[in-house]
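> Starting from these lines, generate the structure:
(chains A, B and C)
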Amino acid sequence: MSSPTPLLANLNDEQHEAVTLPPRPALILAGAGSGKTRVLTTRIAWLIQTGQVSPGGVMAVTFTNKAAKEMLTRLGAMLPIPVRGMWIGTFHGLCNRFLRAHWKLAALPQGFQILDSSDQVSAVKRVIKAMNLDEERFVPKQVTWFIAGSKEDGLRPKDVQARDENTRTMIRVYEAYEEQCQREGVVDFAELMLRTYELMRDNEALREHYQRRFRHILVDEFQDTNKLQYAWLKMFAGPQAAIFAVGDDDQSIYAFRGAQVGNMAQFEREFKVEKVIKLERNYRSFGNILDSANELISRNSRRLGKNLRTEAGPGEPVRVYESTSDFGEAQWLLEEIQQLHREGMPRSDIALLYRSNAQSRVIESALFNAGVPYKVYGGLRFFERAEVKHALSYLRLIENPNDDTSFLRVVNFPTRGIGARSVEQLQDAARVSGRSLCQSVGAVTGKSGVNLQGFVRMVDDMREATRGLTLREIIEHMLHASGLVDFYRTDKDGKERLENLEELVNAAEAFVTQEGFGKDAVALPVDEVAAVSAPQTESVRQELAAAVTPDAETGEIMSPLAAFLTHASLEAGDNQAQAGQDAIQLMTVHSAKGLEFDAVFITGLEEGLFPHENSLSDVDGLEEERRLMYVAITRARKRLYLSFSQTRMLHGQTRYNVKSRFFDELPEPALKWITPRNQGFGSGFAREYQSAWSRGSGMGSMVGAGRVEPRAPAVVPRAPSHGLRAGQSVFHNKFGEGVIVTLEGSGDDARAQVNFGRHGTKWLALSVAKLTPVE
DNA sequence: TTCACTTGTTTTTTT
DNA sequence: AACAAGTGAA
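Below you'll find the model as predicted:
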């Protein structure tokens, strides 16, 4: 290195090597907490600063808006020059950009709108209804899943293999759904990707243009890419671009939605990556935490292989706590948290993680009752709230009256005497004429027809009245003219909803001022024209120029309203924007990915819950659960707590659980089983004991081995004639030790449901099976 | 058309 | 337990 750049000053050797790799396909295996984002952004800055590429020649793709924003922010701090013309964004955001510029070639209307997942389900539902199919057999959600899955495999209806009658029908639905979307001028998320991919594939001039342009393509979280995204990247990269893929196969936790970890190995092979660089030095956690993570994940097969190390020393042990009930677990969490907070740890540096959302309830009530501020992630997001979706539907109808999804959503909300019957008539009429609902209102006779026409006129009036107004004024007018404001004002719990509608106005205002609306839609084609004005393909230049030709009527390239609606679908808003007070962080393990905290509590570590019972059937499922656990562990900086409970309320009934197998996969020396404290609520009931049962499977490193006392179950079940009770530990010759979950029947019919941990939960006839009580 | 009641469902989630 | 979706009566 002739002149050391300050950019690279604080990188370790591995990072340095990754950042300064020659412009060839590269694969970086970046462990948790190894400075992945840093490498990614420094690489971009370095490439630009050393003049190897102009900002316009860089594309950087992420999965979430958050990651994209973070990358932009960090880059902004590194580079003095504004990063204009760089394509940094999510896969879908970049596709949106692309399709806004090439809408004509993509056969889309200029103002095409994007369906979010719930819109998509209701659109599919309509197709299923229109085709007179049985909704029991063809569940809209599942069919939607099928369609999205097909698209993510790059398959159009004609390409999908019709293995059986069922699939054949779903393909017909897929086909009809596509027609419907095209007719209504809407696209779903997968369509954004597929449409972009196909246009690149089929249009040589465009392909050459973009392939020549992007010299460097950087991909974050590569392990989460699906088949289509992989093909998409290949299409944009062409033969000469350098793809810089960063990922961690051990953190692949989205296989259930189509992510293919195999893409990493495939990439290595297909792009002839000479040397895979591993970032294994961890800057986040102490040794005991990392040892636990390493040991656990080593149980997975088919890994690319990677071991995290730290120079921070072992730190504190990983604390393990067993509780008799989920309630007790929550109490313990509460006390532990308060202790940490008293010791000076900010609440926002403490995370409570769980496998599934339903588990948050108990914890929430414990925190709530104690008056501890907390924040739950993963609830309804802003743009997904019913009242906001209603408002957005009106706005969409102003923009595009043929958007039937929106039409149906609000045609009778607030109620205006248009019931199911009227809507059905209207849909029939529309089907016959092949036109949109809005265009078909004239065909419905009688009182229904009058009401329907009244609705359409109302929307038309809105469109007329808001012409030329600012975005804020448009929304305010719509809120009143639609009757939404009046409706929620009289509604008994409409106050909060009204506030959300007010918030929508603010969001729009912020969108216009801060973002500079339609940044993606407008500025980029303009940039694109500039970028290609030189010796590029003339046809592409013309195409791009056409895309930025203003609308003859309004003079706008894309209306602020259309741009805002796009923004609303592509970026659903924060999960729950509770004011910035210092609060405990509650979230699922999935949503914790990418975050880090001083103290992390992983709760509900029970067989059937974590690992989840639905994942136990196959090896892949279990390995994904293990990766999930790995992700959870590696979120912790200083302290890690693991907890489980013998009983838990689930779906309204008490379940008896066995501790998670993951405990057997952690290094004993790193763990410390902590003694239950006096819980301090009432006498006789809630004192917790270490049960003999829990010590069964070889956890030799128990501390304080002397205090084995008979367990006092939280709720003492009645003892029937066979002498067994729910919650009791039993031994079975074949399945080993288990816990009785439920008992049914009596005499010869008596049956027991027993949870045998890794052997699963079984129903056993007591007259046949020999169950020996263990105590 | 609407309201009250019954029934069924319940992993993880971004765009 | 909690919520959505469906059903039946006014």
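> Show me the domain layout of chain A.
Annotated domains of chain A cover A:6-104+A:213-281, A:113-184, A:318-380+A:577-694, A:383-529+A:544-574, A:728-773 [the TED database].
> what's near enough to touch the closest residue to A:G434 other than its chain neighbours?
Leaving aside its sequence neighbours, A:G434 sits nearest to A:R183 (CB to CB, 6 or more residues apart in numbering; 7.9 Å). All C-beta atoms are positioned from the backbone trio N, CA, C, and that covers glycine. If a contact means CB atoms under 8 Å, 6 or more residues apart in numbering, then A:R183 has A:N402, A:G434, A:S436 as its contacts.
> Next, work out how far apart the residue in the stretch 151-300 of chain A positioned nearest to DNA strand C and DNA strand B are.
Nearest residue of the stretch 151-300 of chain A to DNA strand C (CB to the nearest atom of the strand) works out as A:V173 at 16.4 Å. Distance of A:V173 to DNA strand B, computed by CB to the nearest atom of the strand, to the nearest Å: 19 Å.
> got it, and A:V450?
Applying CB to the nearest atom of the strand to A:V450 and DNA strand B gives a distance of 11 Å.
> mind checking the SS state of that residue?
helix (DSSP: H, G, I helix; E, B strand; the rest coil).
> For the stretch 101-250 of chain A, what lies in contact range of DNA strand B?
A:D116, A:S117, A:F189 (CB under 7 Å from any atom of the strand).
> Find the residue at the geometric middle of chain A.
By CA atoms, centre = their mean, chain A has its centre lying nearest to A:S591, at 6.9 Å.
> For A:V219, grab phi and psi.
Per-residue torsions, A:V219: phi -120, psi 130 (degrees, to the nearest 10).
> And the one 10 residues further on, by the same measure?
Backbone torsions of A:Q229, given as degrees, to the nearest 10, read phi -70, psi -30.
> Spit out the contact partners of it.
With CB under 8 Å, 6+ apart, A:Q229 has these contacts: A:F91, A:E152, A:M193.
> Kindly reformat the residues you listed as a markdown table containing neighbour count, pLDDT and secondary structure.
Below are the contacts of A:Q229 laid out as a markdown table (neighbours: other CB atoms under 10 Å; pLDDT from 0 to 100; DSSP: H, G, I helix; E, B strand; the rest coil):
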| residue | neighbour count | pLDDT | secondary structure |
| --- | --- | --- | --- |
| A:F91 | 23 | 96 | helix |
| A:E152 | 20 | 94 | helix |
| A:M193 | 23 | 97 | helix |
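> Same list (the residues you listed) but as TSV, adding distance to DNA strand C.
Shown next, in TSV, are these (distance: CB to the nearest atom of the strand, whole Å):
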residue	distance to DNA strand C
A:F91	28
A:E152	24
A:M193	26
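> show me where the stretch 451-600 of chain A has helices.
In the stretch 451-600 of chain A, helices defined by DSSP state H, counting those that start in this stretch lie at A:471-481, A:484-490, A:495-510, A:524-532, A:538-547, A:560-570, A:589-592, listed in chain order.
> Remind me what the second one packs against, helices and strands.
So the one you mean is helix A:484-490. With contacts defined as 3 or more CB pairs under 8 Å, 6 or more residues apart in numbering; DSSP states H and E, helix A:484-490 has these neighbours: helix A:386-399, helix A:471-481, helix A:495-510.
> where does the residue of the stretch 151-300 of chain A closest to DNA strand C land in three-state SS?
Of the three states, A:V173 takes helix under three-state DSSP.
> secondary structure element for the residue lying closest to A:K278 once chain neighbours are set aside?
Spatially, and ignoring its direct neighbours in sequence, A:K278 is nearest to A:L29 (4.5 Å; CB to CB, 6+ apart). Element membership for A:L29 (DSSP states H and E) is strand A:26-30.
> Now do that strand: which elements does it pack against?
helix A:36-49, strand A:242-247, helix A:262-270, strand A:277-279.
> Of those, which is nearest A:L395?
Across these, A:L395 has its closest neighbour in helix A:36-49 (35.3 Å, CB to CB).
> In PDB, could you pull the C-alpha coordinates for that closest one?
The C-alpha trace of helix A:36-49 is given here as PDB (Å, rounded to 0.1, in the frame of the first residue of the first chain):
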ATOM      1  CA  LYS A  36     -19.800  -6.700   8.800                       C
ATOM      2  CA  THR A  37     -21.500  -3.400   8.000                       C
ATOM      3  CA  ARG A  38     -18.300  -1.600   8.600                       C
ATOM      4  CA  VAL A  39     -16.500  -3.700   6.000                       C
ATOM      5  CA  LEU A  40     -19.300  -3.200   3.600                       C
ATOM      6  CA  THR A  41     -19.400   0.600   3.900                       C
ATOM      7  CA  THR A  42     -15.700   1.000   4.100                       C
ATOM      8  CA  ARG A  43     -15.300  -1.100   0.900                       C
ATOM      9  CA  ILE A  44     -17.600   1.300  -0.900                       C
ATOM     10  CA  ALA A  45     -15.900   4.300   0.400                       C
ATOM     11  CA  TRP A  46     -12.500   2.900  -0.400                       C
ATOM     12  CA  LEU A  47     -13.500   2.000  -4.000                       C
ATOM     13  CA  ILE A  48     -14.700   5.500  -4.600                       C
ATOM     14  CA  GLN A  49     -11.900   7.200  -2.800                       C
END
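> Name the helix or strand of chain A that has the lowest mean pLDDT.
helix A:524-532 (a mean of 51; mean pLDDT, DSSP states H and E).
> Any idea how far stretch A:310-324 is from the middle of the chain?
In terms of CA atoms, centre = their mean, to the nearest Å, the centre of stretch A:310-324 is set 29 Å apart from its chain centre.
> hang on, the earlier thing: any idea of the pLDDT on the residue nearest to A:K278?
Per-residue pLDDT puts A:L29 at 96.
> so what's it bridging to?
A:L29 has these beta-bridge partners by DSSP bridges: A:G247, A:K278.
> Can you tell me the SS state at A:L640?
Of the three states, A:L640 takes strand according to three-state DSSP.
> Go ahead and confirm it touches A:S292.
Yes. Using CB atoms under 8 Å, A:L640 is in contact with A:S292, at 7.1 Å.
> circling back to that earlier point, of the contacts of A:R183, buried ones?
A:N402, A:S436 (16 or more other CB atoms under 10 Å).
> Could you dump the contacts of A:R183 into TSV with pLDDT and secondary structure added?
Below are the contacts of A:R183 laid out as TSV (pLDDT from 0 to 100; DSSP: H, G, I helix; E, B strand; the rest coil):
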residue	pLDDT	secondary structure
A:N402	91	coil
A:G434	86	coil
A:S436	90	coil
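> hang on, the residue nearest to A:K278 packs against A:A245?
No. Taking CB under 8 Å as the definition, A:L29 is not a contact partner of A:A245, at 9.7 Å.
> what do the two both touch?
Common neighbours of A:L29 and A:A245 (CB under 8 Å, 6+ apart) are A:M264.
> Tabulate the residues of the stretch 101-250 of chain A next to DNA strand B (TSV), appending distance to DNA strand C.
Compiled in TSV, these are given as follows (distance: CB to the nearest atom of the strand, whole Å):
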residue	distance to DNA strand C
A:D116	14
A:S117	12
A:F189	19
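> The closest residue in space to A:P373 that isn't next to it in sequence: how many residues sit nearby?
Nearest residue to A:P373 in three dimensions, chain neighbours excluded: A:A583, at 4.1 Å (CB to CB, 6+ apart). Burial measure for A:A583: 18 neighbouring residues, criterion other CB atoms under 10 Å.
> check contacts around the residue of the stretch 151-300 of chain A closest to DNA strand C.
Applying CB under 8 Å, 6+ apart, we find A:V173 in contact with A:V124, A:V127, A:I128, A:M131, A:L133, A:F138, A:V143, A:I147.
> What's the ChimeraX syntax to select whichever of the residues you listed are buried?
A single ChimeraX command selects the buried members of these (16+ other CB under 10 Å):
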select /A:124,127,128,133,138,143,147
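> Not counting residues beside it along the chain, what's closest to A:A130?
A:R431 (6.0 Å).
> Neighbours of the residue nearest to A:P109 when sequence neighbours are not counted, how many?
Spatial nearest neighbour of A:P109, excluding adjacent residues (CB to CB, 6+ apart): A:G185 at 4.2 Å. Look at A:G185: counted by other CB under 10 Å, it has 17 neighbours.
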